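Trainee: pasting a predicted model and its sequence here:
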Number of protein chains: 2
Amino acid sequence: MKIAVLGLGLIGGSLAQALHPGHEVVGTDPAAAVREQARAWGLAVADDVAGAVAGAELVVLAAPVPGNDDLLARVPAGCLVTDVGGVKLPIVRRWEALDPRPALVPGHPMTGAEQSGWAAARPDLFAGARWVLCPGRWASPEQWLELCEVVLGLGAVVVPADPAQHDVAAAAISHAPHAVAAALAAAAGSGQPAALARSLGARSFRDLTRVSASPPERTAEFCVANRTATAAALRDVIDRLGAAVQVLEQDDPAAFAEHLREGHDARAAYERAHDALVDDSLLLGQGDDWAVPLLALAQAGGVVVAVDRRAGGIRLDVRRPA
Amino acid sequence: MKIAVLGLGLIGGSLAQALHPGHEVVGTDPAAAVREQARAWGLAVADDVAGAVAGAELVVLAAPVPGNDDLLARVPAGCLVTDVGGVKLPIVRRWEALDPRPALVPGHPMTGAEQSGWAAARPDLFAGARWVLCPGRWASPEQWLELCEVVLGLGAVVVPADPAQHDVAAAAISHAPHAVAAALAAAAGSGQPAALARSLGARSFRDLTRVSASPPERTAEFCVANRTATAAALRDVIDRLGAAVQVLEQDDPAAFAEHLREGHDARAAYERAHDALVDDSLLLGQGDDWAVPLLALAQAGGVVVAVDRRAGGIRLDVRRPA
């Protein structure tokens, strides 16, 4: 497949490297130095977006979130396009405002790193990752399937989520937590004795603040693009911490343990949702409501793990929580 | 050295296993099943506290935090005792109320795991860890040094912190973060679409909520024992998250990036505090103010890495932030 990757940072660069062995990949990036690094790696690199998308069957928008919205308008109408941004409603809204427009499968690989840029890219970034590919009116079932097969080929599994539901879920598990990690790091670093606190910070502190090492500009882009859901998730966390302070002040370990139990149980449910999945399958429909069973699968926590093209229809092998 | 370890859970069990090769260790635990497991492992196990401490040169209190306070009163007055609890002021206060009393070096190894109990114990738990041993009027410099050498022998480095400062720092980097992790896990698990959120939660969510998998009773014990500092640290986090919501609603990525920068920079300072240390040394004094240079070292983020007993005095090899 001829694939154009627009933006060669951490995700776009990793994706270009991962797709390189099996596809005809052309990348580009606004930074000349990045284009040179990618060429030195062995990637075919165009000097601009027009050069990269010329003749492409699939275009991947891998710029920062606001950049992808602009790039979408520059993709030829006949193309199939996906993006890798952390927020899905803005690009859907942008697509709806275009005429003519390419076919769009809004996407979001749930992986990353604190580091950024081509230098941090690695072709195995997607192995084992969950990758959101939103099924819906923006593309045909066959086009969604095509993307699905590309993504499965990278060792990822596909979450066919609704864009609005994706954004609310991403706020809860990623965007708000990024702001929380920053608050934890800042609070520990500004209190007294700060140097002793830094000295004593061990694995739990390291893990809890790791994402605050990410570039603030990158974190800010997806948090602001998803600000309504992120603010709501943060208000929920604030309310829970306020309750924690109140219970703490009762000086009753049993009461505070009870307060902590909801989080403990939610974490256990999270682990089960990844460790205790059962195999199932569903047939990909072709009618107007083809996306409905896929969306229901994602909403229930399920994933697509394989595509089985056979006479009489297309079967998707899926896994869903028991 | 003849060492009694009172409590054979995660920390006490790991410590007994780690001390076993170089010392004469006797453990005990209130649970008969745990005593049996420890015996089966090869540890000498007494059936009760009196049996374990009989003839011990060093007693390690490794029960949960409130239990250690009670155990302290049961240690013979001639003994040297340390504890491994996450909060240091309560045991100091308990010591001050005793008469006669053993010599005390309040301690806290900065390591652990979500799992608990003897089954989770492992002798390498302390390798590379920072281990707080509070120098002060509760023991002589020679007794503090004796503990220091035991701890260094396990591959840990020693942080000679003040108990009150330890408790404030521990609230910022461990106790409040445990409550924050629980709030994040609970918020993500209770919103809609919860199953999709669980499905999409990847490495950042896993790391940010990991400690919420710890037994709530254990977390509650140290949070409540350190409730003043923990509540203050949580209020600081709440204020910062409130500010984050306000900045988010300005819909300005640059402003939100600026908001996130303090956490980003604090995390970078944390990494430097562990990665960029310089070698130094200090002589252990014997006068009433022997603890002063040690406390200053810890407050500045430094650690003791070796003890050099030589004619003319005792030199401590230390490392401190550049």
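Mentor: Perfect, thanks for sending it.
Trainee: just the C-alphas of the lowest-mean-pLDDT helix or strand in chain A, formatted as PDB.
Mentor: The helix or strand of chain A with the poorest confidence is helix A:65-72; it has a mean of 86 (mean pLDDT, DSSP states H and E). What follows is helix A:65-72, C-alpha atoms only, in PDB (Å, rounded to 0.1, in the frame of the first residue of the first chain):
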ATOM      1  CA  VAL A  65      -3.600  17.900  17.100                       C
ATOM      2  CA  PRO A  66      -4.400  21.400  15.700                       C
ATOM      3  CA  GLY A  67      -2.000  20.800  12.800                       C
ATOM      4  CA  ASN A  68      -3.900  17.700  11.700                       C
ATOM      5  CA  ASP A  69      -7.100  19.600  11.400                       C
ATOM      6  CA  ASP A  70      -5.400  21.900   8.900                       C
ATOM      7  CA  LEU A  71      -3.700  19.100   7.100                       C
ATOM      8  CA  LEU A  72      -7.000  17.300   6.500                       C
END
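Trainee: show me how far that helix is from its chain's centre.
Mentor: In terms of C-alpha atoms, centre = their mean, to the nearest Å, the gap separating the centre of helix A:65-72 from the centre of its chain is 16 Å.
Trainee: repeat for stretch A:130-142
Mentor: Distance, centroid of stretch A:130-142 to centroid of chain: 14 Å (C-alpha atoms, centre = their mean).
Trainee: pLDDT averaged over that stretch - what is it?
Mentor: The pLDDT scores in stretch A:130-142 average 97.
Trainee: next, see if that stretch gets close to chain B.
Mentor: Yes. Contact of stretch A:130-142 with chain B is found when judged by C-beta under 8 Å from any C-beta of the partner chain, involving A:Arg130, A:Val132. The way it works is simple: take the backbone N, C-alpha and C, and place the C-beta from them, glycine included.
Trainee: stretch A:262-270 too?
Mentor: Yes. Shown here: stretch A:262-270 in contact with chain B (C-beta under 8 Å from any C-beta) through A:Glu262, A:Gly263, A:His264, A:Asp265, A:Ala266, A:Arg267, A:Ala268, A:Ala269, A:Tyr270.
Trainee: and stretch A:101-118, by the same measure?
Mentor: Yes. Interface with chain B: stretch A:101-118 contributes A:Met110, A:Thr111, A:Gly112 (C-beta under 8 Å from any C-beta).
Trainee: tell me the most packed of those, by neighbour count.
Mentor: A:Met110 (25 neighbours; other C-beta atoms under 10 Å in any protein chain shown).
Trainee: which pLDDT value belongs to that one?
Mentor: 95.
Trainee: quick one: it from A:His274, how far?
Mentor: Counting by C-beta to C-beta, to the nearest Å, the separation of A:Met110 from A:His274 is 11 Å.
Trainee: sketch out the helices for chain A, chain order is fine.
Mentor: A:10-19, A:32-41, A:49-53, A:65-72, A:89-96, A:141-152, A:163-170, A:176-190, A:194-200, A:203-209, A:216-225, A:227-248, A:253-275, A:292-299 (DSSP state H).
Trainee: quick check: mean pLDDT of the shortest one?
Mentor: For helix A:49-53, the per-residue pLDDT values average out at 96.
Trainee: thinking again about what came up before, show me what the least confident helix or strand of chain A is in contact with.
Mentor: A:6-7, A:49, A:61-63, A:81, A:83, A:85-87, A:90-91, A:94-95, A:98, A:101-102, A:104, A:221-222, A:225, B:253 (C-beta atoms under 8 Å, 6 or more residues apart in numbering or on different chains).
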